[in-house]
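*Asks:* Task: produce atomic coordinates for the following.
(one chain, ligands or ions: 1)
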Amino acid sequence: MSTYSRRTFIEQMGWGLGAAVTLPSLVSMTPERANVQDKQRLNIALCGLGRYANVLKGGLAASQYCRLAGIVTGTPAKAAEWQRAYGIPDKNSYTYQTFDQLSRNPDIDLVYITLPNGLHKEYVLRAAKAGKHVIVEKPMAFTEQDCREMIDACQKAGVQLAVGYRLHYDPHHIELKRLGQDKIFGQVRLMEASLGYRLEGISPDDWHLNKALAGGGPLMNLGVYCVQSGRYVLGEEPVAVTAQIGPVTMPALFKEVEENITWQLYFPSGAICTSSSTSNCNVDRFFASADEGYFELEPALSYGPFKGRTSRAAFNFPVVNQQAAQLDDIAQHILANKPLPVHISGEEGRKDMRVIEAIYRAAHTGRKITLA
Ligand code: NAD
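*Replies:* Residues are numbered from 1 along each chain as shown. Next up, the predicted model:
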């Protein structure tokens, strides 16, 4: 945590610390808002106005091709505040009970779901049924089977489905992929990717500690980024997984979900990626060792700003507003009626969930789990 305060880190990752929201003071990579006609903007409704929705509103403000056009919330005071702040008319303000009436609203093109993890599947299915494109936050769902059902529902409804994988829009991660997949330092043999922070001040009632709403602990909420980075730096899918769960140092909080978990992914090339996700200490790093050198990022998986280094030199790219870049790319594809890029698709979320399920299975059985 040298260049990044722990409090900012925790707030930005959206876990647990009261109601305070710190919007990242990032400069958007998106060019200055051009004269994009309103009909060339995608009208987005945010569903679930919590911490990450507050981060996304900064991304929406900086985006060129999106407009915050609607909201879904169960809290009337929040509805009034957001409607006033963003000029959202009553007809575009929904509750969880009236959500399905979105089907009759041509002024909303896409619903962005920022609800607790356990509600992702239900609201993707409902958005698809309402005929709306949908972005769902990570983790996409709890199981690979859930992901399949979500993908199928969107396909049948003729709408596009994306997962909010913001890191694909950060130039440091684009560089990690190039260094790994193009074998700039030869074959990658070993990767380490970890993300966690020490949970302080969280209420025992917080949904992140509730299995039905969170699906798991830090693996579900943060570990998905570690799994992703290992997969996209190599461009391979793991063939086997081992994992170890524990220890529990805060038993009053961690009754239902894990507090600490470590795992190893084994890839067809022989490379391995070892990772930890934790609620007990702060860690945010990626490292890859290849035949002719190494490359690393630290911080690596949060909102940045990231710092990169290889065995030859430092690499630092401009700070980007990850959310604005992600939203603009999605909007441009949908407005042009083109399929969304594979790396942010529901299919990508399904692949991550397959690995996460295997990690939990390995941790709970103590066995090496093979992925067919
Ligand atoms: P949050 O608790 O701050 O917000 C969740 C919102 O859902 C709240 O407004 C809450 O009122 C509402 N809600 C509706 N039904 C609820 C219920 N039954 N129980 C609890 N809340 C309910 O959470 P958050 O940190 O904004 O996370 C929301 C989603 O966004 C999660 O899936 C999380 O993984 C994801 N997230 C992604 C990033 C990222 O960097 N991509 C960062 C943070 C969170």
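*Asks:* for stretch 189-199, the distance to its chain's centre please.
*Replies:* 16 Å (C-alpha atoms, centre = their mean, to the nearest Å).
*Asks:* again but with stretch 179-190, I slipped
*Replies:* Using C-alpha atoms, centre = their mean, the offset of stretch 179-190 from its chain centre is 25 Å.
*Asks:* Renumber starting at 35 from here on
*Replies:* Sure, I'll start numbering at 35, so the last one becomes stretch 213-224.
*Asks:* Just the CA trace of that stretch, in PDB.
*Replies:* Presented in PDB, the C-alpha positions along stretch 213-224 are these (Å, rounded to 0.1, in the frame of the first residue of the first chain):
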ATOM      1  CA  LEU A 213       3.500  -9.300 -22.500                       C
ATOM      2  CA  GLY A 214       2.100 -12.700 -21.600                       C
ATOM      3  CA  GLN A 215       0.200 -13.800 -24.700                       C
ATOM      4  CA  ASP A 216       2.900 -12.500 -27.200                       C
ATOM      5  CA  LYS A 217       5.600 -14.100 -25.000                       C
ATOM      6  CA  ILE A 218       7.600 -10.900 -25.000                       C
ATOM      7  CA  PHE A 219       9.700 -12.400 -22.200                       C
ATOM      8  CA  GLY A 220       9.300 -16.000 -23.400                       C
ATOM      9  CA  GLN A 221       7.000 -18.500 -21.900                       C
ATOM     10  CA  VAL A 222       5.400 -17.400 -18.600                       C
ATOM     11  CA  ARG A 223       6.000 -20.100 -16.000                       C
ATOM     12  CA  LEU A 224       4.800 -18.700 -12.700                       C
END
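*Asks:* who in the protein is up against the ligand?
*Replies:* Applying C-beta under 6 Å from any ligand atom, we find that the chain lies next to the ligand at 47-48, 82-86, 108, 148-151, 153, 171-172, 198, 200, 241, 247, 255. C-betas here are computed from N, CA, C, even on glycine.
*Asks:* Could you rerun that using 5 Å?
*Replies:* Counting by C-beta under 5 Å from any ligand atom, the chain comes close to the ligand at 48, 82-86, 148-151, 171, 198, 241.
*Asks:* wait, isn't residue 129 in contact with residue 106?
*Replies:* Yes. Counting by C-beta atoms under 8 Å, residue 129 touches residue 106, with 7.0 Å between them.
*Asks:* circling back: pipe the residues of the chain next to the ligand into JSON lines and attach neighbour count per row.
*Replies:* Formatted as JSON lines, the residues of the chain next to the ligand follow (neighbours: other C-beta atoms under 10 Å):
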{"residue": "48", "neighbour count": "19"}
{"residue": "82", "neighbour count": "21"}
{"residue": "83", "neighbour count": "21"}
{"residue": "84", "neighbour count": "18"}
{"residue": "85", "neighbour count": "20"}
{"residue": "86", "neighbour count": "21"}
{"residue": "148", "neighbour count": "24"}
{"residue": "149", "neighbour count": "21"}
{"residue": "150", "neighbour count": "17"}
{"residue": "151", "neighbour count": "23"}
{"residue": "171", "neighbour count": "22"}
{"residue": "198", "neighbour count": "21"}
{"residue": "241", "neighbour count": "16"}
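*Asks:* Now tabulate those in a markdown table and tack on pLDDT and secondary structure.
*Replies:* Output for the residues of the chain next to the ligand, formatted as a markdown table (pLDDT from 0 to 100; DSSP: H, G, I helix; E, B strand; the rest coil):
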| residue | pLDDT | secondary structure |
| --- | --- | --- |
| 48 | 41 | coil |
| 82 | 98 | coil |
| 83 | 98 | coil |
| 84 | 98 | coil |
| 85 | 97 | helix |
| 86 | 98 | helix |
| 148 | 98 | coil |
| 149 | 98 | coil |
| 150 | 98 | coil |
| 151 | 98 | helix |
| 171 | 98 | coil |
| 198 | 98 | coil |
| 241 | 98 | helix |
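*Asks:* Name the nearest of those residues relative to residue 323.
*Replies:* Distance to residue 323, by C-beta to C-beta, is smallest for residue 198 among those, at 29.9 Å.
*Asks:* before we move on, what SS does residue 311 have?
*Replies:* At residue 311 the chain is in strand, as set by DSSP: H, G, I helix; E, B strand; the rest coil.
*Asks:* And it, how far from residue 90?
*Replies:* 23 Å (C-beta to C-beta, to the nearest Å).
*Asks:* can you check residue 385 too?
*Replies:* 24 Å.
*Asks:* Between these two, which is the more surrounded one?
*Replies:* residue 90 (27 against 19; other C-beta atoms under 10 Å).
*Asks:* Could you list every helix and strand in contact with the helix or strand hosting that one?
*Replies:* Residue 90 is part of helix 85-96, with elements assigned from DSSP states H and E. In terms of contacts (3 or more C-beta pairs under 8 Å, 6 or more residues apart in numbering; DSSP states H and E), helix 85-96 is packed against strand 76-81, strand 100-106, helix 356-369.
*Asks:* just checking, what packs against the second one?
*Replies:* Contact here means 3+ C-beta pairs under 8 Å, 6+ apart; on that basis strand 100-106 packs against strand 76-81, helix 85-96, helix 110-120, strand 127-128, helix 356-369.
*Asks:* how about these in TSV, adding distance to residue 306?
*Replies:* As requested, those are exported to TSV (distance: least, C-beta to C-beta, whole Å):
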stretch	distance to residue 306
strand 76-81	38
helix 85-96	31
helix 110-120	45
strand 127-128	46
helix 356-369	28
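*Asks:* Can you tell me which of the ones you listed is most buried?
*Replies:* The highest average neighbour count among those, using mean count of other C-beta atoms under 10 Å, belongs to strand 76-81 at a mean of 24.
*Asks:* which helices and strands does it pack with?
*Replies:* Short answer (3+ C-beta pairs under 8 Å, 6+ apart): strand 76-81 packs on helix 85-96, strand 100-106, strand 144-147, helix 356-369.
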